[in-house]
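Undergrad: here is my input, please return the structure:
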Amino acid sequence: MKWKKDLYQIPPYHPGKKMPGSIKLSSNENPLGPSPKALEAMRGALDSVHIYPPVVSSQLCETVADWRGCAADEIIFGNGSDEVFTMVGATLLGPGRNAVGSENTFSQYEFAARMFGAEYRAAPTRNYQYDLQAMLSLIDSSTSVVFLCSPNNPTGMIIPEPELREFLAAVPKDILVIIDQAYREYAESEKYPETLDLLKEHPNLLITGTFSKIFGLAALRIGYGIARPEVIHMLLRVKSPFNNSSLAQSAAIAAVRDNEFITRSIEFNRNSREYSSKLFSEAGLEFFPSESNFLCVRSPSSDAAGDVRRLQEHGITVRDLHSFGMKEYMRITFSEPARMKQIADILKG
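TA: Numbering: from 1, shown residues only. Below is the predicted model:
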């Protein structure tokens, strides 16, 4: 086969694994499951699965726009937010161009660049926190895209608003800056910026989100991007025509409207985060302050892979962060108190 040479530069994605019969805390899914109203909406849509879904659902656009506080023509939907990154790659990246990102972050940014033959430049982090000045130093005349993730996966840390504003002001306006906010709904720090306000000031900004986390719809694969209409217009040129099923669209509309479930999910996560942080601290375990639905924990033995195996022996699957360049760390999705205590007890030995 005459495979493209660029393919050899693309490492395959390794998702969080689930061992048979184990409790899966490796992929940051909602432990409460999906919104009950989303399930009901999907059942109601089953009779029409023989009909192609809308290419662009006006009801979905208007519902999400009302929820996020933007205009309906400022939204695009993808088969997961990673497809939005692929749309960006298809429109802005290619041979002779580069994308700038960071080490110790979500791998799909590099994938979106290398998939189209572009160079991906990863700035080193500072104590596993984004080093925005280091990222700025990598930008040159061939840079087309910059990727940020806040709260960051896999650390759970945010980029504070003052630092983000300073960074955006320094990036040339012909470079698209993407802020991945997959975990936005879990962030409660007063330092976490309201990015839609930033969008009014920066026409080169694209904000992405997902229905896979707080809404509990990971298997349906639906994500979105918010940007100025002129940016959305260009991305629509490469969007697959039927990339979101009618079931996914119906579920997303219902999930956004299910305020009770959203509130319950946030409260569960807040309680688990506070409990787990206190518990792990008292156990002498090191971890990063999290504004997400997971905790990034340093292995007490500096052998995270070994600790992950020990947890698997007890029926609990968590994420080894070797593929993120953090071999001493593991990522643990928040769960009920008894489960988090069991994990802490196993890790501290």
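
Undergrad: residue nearest the centroid of the protein?
TA: Centrality entry for the chain: nearest residue to the mean C-alpha point is Ala182, 3.5 Å, by Cα atoms, centre = their mean.

Undergrad: quickly find the element holding Val145.
TA: Assigned by DSSP states H and E, Val145 falls within strand 143-149.

Undergrad: correction: the previous question concerned Ile179.
TA: Counting by DSSP H and E, the element that carries Ile179 is strand 176-180.

Undergrad: hang on, Cys154 packs against Arg331?
TA: Not quite, residue 154 is Pro, not Cys. Yes: here Pro154 reaches Arg331: they are 4.6 Å apart, a contact under Cβ atoms under 8 Å. For glycine as for every other residue, the C-beta is placed from the backbone atoms N, C-alpha and C.

Undergrad: what residues do the two have in common as contacts?
TA: Phe294, Cys296, Arg319, Leu321 (Cβ atoms under 8 Å, 6 or more residues apart in numbering).

Undergrad: circling back to that earlier point, from what I can see the residue nearest to the centre of the chain touches Gly209, true?
TA: Yes: assessed by Cβ under 8 Å, Ala182 is found in contact with Gly209 at 6.6 Å.

Undergrad: got any residues that touch both of those two?
TA: Residues touching both Ala182 and Gly209 by Cβ under 8 Å, 6+ apart: Ser81, Gly223.

Undergrad: the closest residue to Arg298 other than its chain neighbours: neighbour count?
TA: Among residues not flanking Arg298 along the chain, Glu286 sits closest, at 4.1 Å (Cβ to Cβ, 6 or more residues apart in numbering). The tally of other residues near Glu286 (other Cβ atoms under 10 Å) stands at 13.

Undergrad: now Glu286: phi and psi?
TA: Reported as degrees, to the nearest 10, the phi and psi values for Glu286 are phi -90, psi 140.

Undergrad: what does stretch 98-106 contact?
TA: 89, 93, 109-110, 112-113, 118-125, 128, 130-131, 135, 138-140, 142-149, 152-155, 180, 324-326.

Undergrad: you'd agree Glu291 is up against Glu190?
TA: No: when contacts are counted by Cβ under 8 Å, Glu291 is not listed as touching Glu190 (10.9 Å).

Undergrad: those two: who's more crowded?
TA: Glu291 (21 against 6).

Undergrad: state the mean pLDDT of stretch 201-211.
TA: The pLDDT scores in stretch 201-211 average 97.

Undergrad: got the CA coordinates for it in CSV?
TA: What follows is stretch 201-211, C-alpha atoms only, in CSV (Å, rounded to 0.1, in the frame of the first residue of the first chain):
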residue,chain,number,x,y,z
GLU,A,201,-12.8,40.7,22.1
HIS,A,202,-10.9,38.1,20.1
PRO,A,203,-12.3,37.1,16.7
ASN,A,204,-9.7,34.4,16.4
LEU,A,205,-11.0,32.3,19.3
LEU,A,206,-12.8,28.9,19.1
ILE,A,207,-14.2,27.4,22.3
THR,A,208,-15.1,23.7,22.3
GLY,A,209,-17.2,21.7,24.6
THR,A,210,-18.7,18.2,24.9
PHE,A,211,-21.8,16.2,25.9
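
Undergrad: which positions within that stretch qualify as buried?
TA: By neighbour count on 16 or more other Cβ atoms under 10 Å, the buried set for stretch 201-211 is His202, Asn204, Leu205, Leu206, Ile207, Thr208, Gly209, Thr210, Phe211.

Undergrad: distance from it to the middle of the chain?
TA: In terms of Cα atoms, centre = their mean, to the nearest Å, the centre of stretch 201-211 is found 13 Å from the chain centre.

Undergrad: what's the answer for stretch 326-334, then?
TA: Relative to the centre of its chain, stretch 326-334 is centred 16 Å away, using Cα atoms, centre = their mean.

Undergrad: what's the span of that stretch from first residue to last?
TA: 20 Å (Cα to Cα, to the nearest Å).

Undergrad: look up how far Pro36 lies from the residue of the chain most remote from its centre.
TA: Computed with Cα atoms, centre = their mean, the residue of the chain farthest from its C-alpha average is Met1, at 34.3 Å. Taken as Cβ to Cβ, to the nearest Å, the spacing of Met1 relative to Pro36 amounts to 47 Å.

Undergrad: next, the buried residues of the top helix by length along the chain.
TA: Using DSSP state H to assign secondary structure, the helix with the most residues in the chain is helix 259-282. Of the residues in helix 259-282, Phe261, Ile262, Ser265, Phe268, Asn269, Ser272, Arg273, Ser276, Ser277, Leu279, Phe280 count as buried by neighbour count, 16+ other Cβ under 10 Å.

Undergrad: I'd say the fifth one and Phe294 touch.
TA: No: distance between Asn269 and Phe294: 9.5 Å, which falls outside the contact criterion (Cβ under 8 Å).

Undergrad: and for the two, which residues touch both?
TA: Counting by Cβ under 8 Å, 6+ apart, the residues touching both Asn269 and Phe294 are Phe334.

Undergrad: against which helices or strands is the host helix or strand of Ala112 packed?
TA: Secondary structure assignment for Ala112, by DSSP H and E: helix 108-114. Secondary-structure packing of helix 108-114 (3 or more Cβ pairs under 8 Å, 6 or more residues apart in numbering; DSSP states H and E): helix 81-92, strand 98-102, strand 119-123, strand 143-149.
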